[in-house]
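1. what's the 3D shape of this:
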Amino acid sequence: HQERGDYDEAKTMFEQALRTGKAALGDKHPEIASTLNKIGNLSYEMGDLDSAMKYYEEGLVIERFVLDRDHPHIMVTLTNIAQIYKQRGSYSAALKHYREVHFMQVRAYGPNHIDVAATLSSMGLMKYQMKDYRSAFDLYQEALRIRRDHLGEDNAEVASTLNSIGLVLFKQEMFEIAKQCFMESLRIRRKLLGPNHRDVAILWYNIATIFLEIGEDDEAMKYYRETLRVEREALGEEHHDVVLTLQHMGQVHQQKGELDEALMYFREALRIERKKHGNEHVSVAKVLNLIGNIHLQ
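-> Sure, this is the predicted structure:
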């Protein structure tokens, strides 16, 4: 039922299995923990984070009781709980659970295992969200080292980690090194995914934003144009990302005093937003504000 997307029916079946299992096996049995985690996964997919957390935590208690201290099932459940905390914006709580997973992985597998890199990246993201950019950088750097050792240079996870490091450096205004990270990530993604993939557009956008930040408007516009081309190819003409890029392109022209060109991009963004949302929407209001500011200049 879960594979067919019939979540309510699947949950009913799992809950029945849980009651039957508890009656036959008792409360503290690996099969009970497994069923609890299945219901937790299902609740998560249905968007019911409170129920998912309840089932994961109940399953974790049993797993700690019946399994070895560094069992992979415990690591998975801790990671699932951390994921919920992350979605709720409770980054400190998420980090605490990721740290425990990291400690267990190092103890069980050694410090250079590929699974350790994934947890380091998750910890890095929590530190990034908490604005502790120095710590985030160190965690991402260690994840990058492990991934390069295991996967080589031209790998999607390596590219993703380079992008994350670039974002951390950008926040610290280390623009030149950030640009180098984005450029290397872009090279890898174009090689692996082709030139017209959404993940490629993200890198074009990040590089354009660096040029905008350091006042190189012409270079920024060049990269925004490439961003727009790829987004339209990958996402369609009227995607939200296309609207954001059009707005940035308008703002570049506005900064250069090229108001007619700025208006052209803002009006295209407005046309898309009105088509998608109608006239009475906050996104439409934002673009109208941009156009209004142009007319005041």
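2. which residues of this structure score low on pLDDT?
-> Scanning the chain for pLDDT under 70 picks out 1-5, 21, 26.
3. Need the residue closest to the centroid of it.
-> Leu125 (8.7 Å; CA atoms, centre = their mean).
4. any idea how far that one lies from Tyr91?
-> Leu125 is 9 Å from Tyr91, where distance means CB to CB, to the nearest Å. From N, CA and C alone the C-beta is placed, and that goes for glycine too.
5. With Ile202 instead?
-> As judged by CB to CB, Ile202 and Tyr91 stand 22 Å apart.
6. ok, now Glu157?
-> When CB to CB is applied, the distance between Glu157 and Tyr91 equals 22 Å.
7. Ok, Arg145 next?
-> 24 Å.
8. more neighbours, the two?
-> Tyr91 (19 against 14; other CB atoms under 10 Å).
9. Hmm, the more buried one is touching Met130, no?
-> Yes: counting by CB atoms under 8 Å, Met130 is a contact partner of Tyr91 at 5.1 Å.
10. helix or strand right after the helix or strand containing His253?
-> For His253, the host element (DSSP states H and E) is helix 240-255. Where DSSP H and E defines the elements, the next helix or strand beyond helix 240-255 is helix 259-277.
11. Measure how that next one sits relative to helix 240-255, angle-wise.
-> Helix 259-277 and helix 240-255 are oriented at 160 degrees to each other (axes from the mean of the first three to the mean of the last three CA atoms, to 10 degrees).
12. now the very next helix or strand once past helix 259-277, how far from the chain's geometric center?
-> Following helix 259-277 in sequence order, the next helix or strand is helix 282-296 (DSSP H and E). Its chain's C-alpha centre and that of helix 282-296 lie 29 Å apart, by CA atoms, centre = their mean, to the nearest Å.
13. what does stretch 7-26 give?
-> How far stretch 7-26 lies from its chain's middle: 33 Å, per CA atoms, centre = their mean.
14. Which of the residues in that stretch are classified as buried?
-> Tyr7, Ala10, Lys11, Met13, Phe14, Ala17, Leu18, Gly21 (16 or more other CB atoms under 10 Å).
15. Please produce TSV containing these, extended by distance to Leu162.
-> Shown next, in TSV, are the buried residues of stretch 7-26 (distance: CB to CB, whole Å):
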residue	distance to Leu162
Tyr7	37
Ala10	39
Lys11	40
Met13	43
Phe14	40
Ala17	44
Leu18	44
Gly21	46
